[in-house]
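how would this look folded up:
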Amino acid sequence: MSHGAKLLEELEKRIGAELTAPIVKRGYGYYQEGRVQSSQTTVHQTLMGVVRGSDLYAVVMDADHFGYSTCTCPFDGFCKHMAAVFFQYYADERGRGAAEQAYFRMLGLTRASEVAAQRPSAPPPAGAAAPPAGPEPDSQPHPGERGTAEQWLEWMEAAYGDTWKKCRHSLHALQPVLSGLKGLSRDWEKPVQRLHWSTAILFVLEQSERAITTVDSFSRYYHEMSFIRMAEPWIEHLQTLIGELTPLEMSEEELAWSDAIIGLAKRRALLSERQLFEWGYLYLAFCERFSELGEWFRREKMSLLSELDSPSAEDRDESFLHAALGMLYFFEGDDARSIDSFAQGAFEKVQKLVYPCVAQRMESGDWEWTERWMGFLYEKVYAIRSARSIGPFMALCRRADEDRPEQPVWTTYMTELLPYSYAELSEHWLSVKRYEDWADLQLFVGVKPEEIDSPELREVAKTAPHTLLPLYHQSIDAAIGSRNRQGYRLAVKLLKKLEKLYKGTKESGKWDVYLAELVAKNQRLRALQEELWKGKIVT
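Below is the predicted model of the structure:
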């Protein structure tokens with residue numbers, strides 16, 4: 001095989017796999033419009049070209065390492081300019097007809113002229129031997145409304161199992177697949193349709209998981225963000241479908257279908273490898289919906305316990321098992337076992353599930369178990385305390401303190417987490433109008449008045465001005481202690497505000513005494529005396 005033929009064959013294979021059909025079509029259109037200025041190869045498996053779009057763009061495609069192919073256009077990923085250069089080079093090497101054939105092959109189509117040529121010109125005469133049967137079509141008929149979940153998943157895999165290969169930079173290739181799969185059941189009965197649509201979404205999510213594994217580690221983070229954003233509507237729709245399921249009204253066939261897709265989500269959730277989606281949450285959403293089926297619920301719980309008792313595999317996520325059991329115990333109201341199960345998992349993996357459990361107990365007014373849950377959380381949060389990790393716990397503490405202010409344990413938790421809890425606690429004291437506690441917190445942490453938001457200062461100064469006096473005294477002493485003119489100017493600025501506070505509390509006499517003592521104490525600081533005079537603090 002010649003160098004050019006080998007390059008064409010390899011590029012056709014890679015472009016067909018990596019570029020979506022719309023991009024291939026636009027690239028072919030560019031080629032037909034004569035927008036390709038040049039296309040040439042190097043001694044290596046590399047094709048270069050220049051395409052005239054809204055600007056001139058340079059294209060370099062490496063057949064051996066297609067992932068490193070580039071174009072100078074602003075599009076992030078494999079683009080239509082690459083396809084245009086390929087078709088131009090194909091036409092230069094083998095003619096425009098061959099380039100057209102390559103185009104149809106990439107799209108999986110057949111030209112109309114070829115279809116007509118393959119039709120028999122006349123029916124065979126009666127009694128003649130029948131022609132040999134042709135090959136089976138690539139796509140088998142789908143299982144239909146009476147098919148099982150396993151049959152549908154097998155069919156989806158056969159029909160669309162390679163779609164992930166076209167999702168190197170985006171999940172756009174999966175959207176028409178999902179729409180097409182949903183369309184197959186648009187006329188079905190609603191209960192079965194929900195199960196079919198849920199299966200289709202789970203299949204597409206699995207395709208997305210396969211796609212992310214092809215991304216190099218350097219750009220994985222950005223691809224993950226892009227993939228997750230695009231999949232958000234799919235997951236939201238799946239959660240809506242789960243919420244609409246009616247387990248008590250399901251037939252045996254529908255329950256079997258449900259078991260199959262729940263098992264799919266569980267198998268994914270058990271994997272310890274890094275994944276795009278929170279499969280554990282999807283699995284638990286199913287479990288919560290099916291918890292009204294007592295026999296199913298007991299069977300699922302025993303399945304998790306059996307899995308936990310079996311020898312641990314390297315690729316098994318133990319924390320998920322403990323978290324799942326914790327949630328199942330919570331669903332049936334066994335809080336003690338639920339807390340025990342959560343305690344055995346890695347807290348960073350189970351905490352997202354624990355916080356809603358505590359909030360639910362608060363809403364129901366079960367404060368005995370709320371205290372037990374909060375005590376468990378406090379131990380875990382305190383061990384790994386940081387400004388990022390305590391946010392949800394602080395939100396629960398604030399809510400509990402608002403509902404049960406007579407219980408000091410909530411305040412104890414929040415103050416024990418200082419300084420990491422400063423922002424939340426400061427906001428909380430203001431929201432519940434405990435201004436003295438708020439001012440004490442600023443003094444304890446060492447926050448200066450000029451570092452506090454103006455609206456907060458105005459609120460306290462208007463409602464409880466006396467609470468700010470110690471804060472200003474401390475800041476004025478610190479500013480004078482800096483022993484420089486900038487600090488003295490700041491002290492004068494603070495003194496003016498302090499004077500207003502004293503007058504607001506109708507204690508002008510105390511202000512006069514304080515100012516006289518301040519001037520006398522610092523009479524040797526000539527620069528300070530000058531700034532006091534300039535600021536008209538003293539005359």
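
all helices of the stretch 151-300 of the chain, in order?
Counting by DSSP state H, counting those that start in this stretch, the segments of the stretch 151-300 of the chain that form helices are 174-183, 190-212, 220-244, 252-270, 279-290, 294-309.

from the chain's centre, how far out does the third one sit?
Distance of helix 220-244 from the chain centroid (C-alpha atoms, centre = their mean, to the nearest Å) equals 8 Å.

For it, could you pull out the residues that count as buried?
223, 227-228, 230-231, 234-235, 238, 241-242 (16 or more other C-beta atoms under 10 Å). For glycine as for every other residue, the C-beta is placed from the backbone atoms N, C-alpha and C.

Export those residues to JSON lines and append columns for pLDDT and distance to Arg298.
Formatted as JSON lines, the buried residues of helix 220-244 follow (pLDDT from 0 to 100; distance: C-beta to C-beta, whole Å):
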{"residue": "His223", "pLDDT": "88", "distance to Arg298": "41"}
{"residue": "Phe227", "pLDDT": "93", "distance to Arg298": "37"}
{"residue": "Ile228", "pLDDT": "93", "distance to Arg298": "35"}
{"residue": "Met230", "pLDDT": "92", "distance to Arg298": "38"}
{"residue": "Ala231", "pLDDT": "94", "distance to Arg298": "33"}
{"residue": "Trp234", "pLDDT": "95", "distance to Arg298": "32"}
{"residue": "Ile235", "pLDDT": "95", "distance to Arg298": "29"}
{"residue": "Leu238", "pLDDT": "96", "distance to Arg298": "26"}
{"residue": "Leu241", "pLDDT": "96", "distance to Arg298": "25"}
{"residue": "Ile242", "pLDDT": "96", "distance to Arg298": "20"}
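
So Pro38, which state does it fall into?
You called it Pro, but residue 38 is Ser. strand (DSSP: H, G, I helix; E, B strand; the rest coil).

residues contacting the closest residue to it other than its chain neighbours?
Among residues not flanking Ser38 along the chain, Val50 sits closest, at 5.0 Å (C-beta to C-beta, 6 or more residues apart in numbering). The contact partners of Val50, by C-beta atoms under 8 Å, 6 or more residues apart in numbering, come to 36-38, 56-59.

still on that earlier bit, among the helices of the stretch 151-300 of the chain, which comes closest to Gly333?
helix 294-309 (12.0 Å; C-beta to C-beta).

what packs against the closest one?
helix 252-270, helix 279-290, helix 318-331 (3 or more C-beta pairs under 8 Å, 6 or more residues apart in numbering; DSSP states H and E).

Looking at those, which is nearest to Tyr90?
Closest among those, using C-beta to C-beta: helix 252-270, at 41.3 Å.

and the angle for that closest one with helix 294-309?
Here the directions of helix 252-270 and helix 294-309 differ by 30 degrees (axes from the mean of the first three to the mean of the last three C-alpha atoms, to 10 degrees).

chain center to helix 252-270: distance?
With C-alpha atoms, centre = their mean, you get 24 Å for helix 252-270.

try stretch 427-436
For stretch 427-436, the distance to the chain centre is 34 Å (C-alpha atoms, centre = their mean).

What lies in contact with that stretch?
394, 398, 401-402, 405, 414, 437-438, 441, 456, 459-460, 463-464, 467.

can we see that at 6 Å?
Under the criterion C-beta atoms under 6 Å, 6 or more residues apart in numbering, residues 398, 437-438, 460, 464, 467 lie in contact with stretch 427-436.

and of those residues, the nearest to Ser185?
Arg398 (46.5 Å).

my guess is Ala58 is in a strand, correct?
Yes. Secondary structure assignment places Ala58 in a strand (three-state DSSP).

Identify the bridge partners of it.
For Ala58, the beta-bridge partners under DSSP bridges are Val50.

Quick check, it in contact with Thr72.
Yes. Contact status for Ala58 versus Thr72: in contact at 4.9 Å, counting by C-beta atoms under 6 Å.
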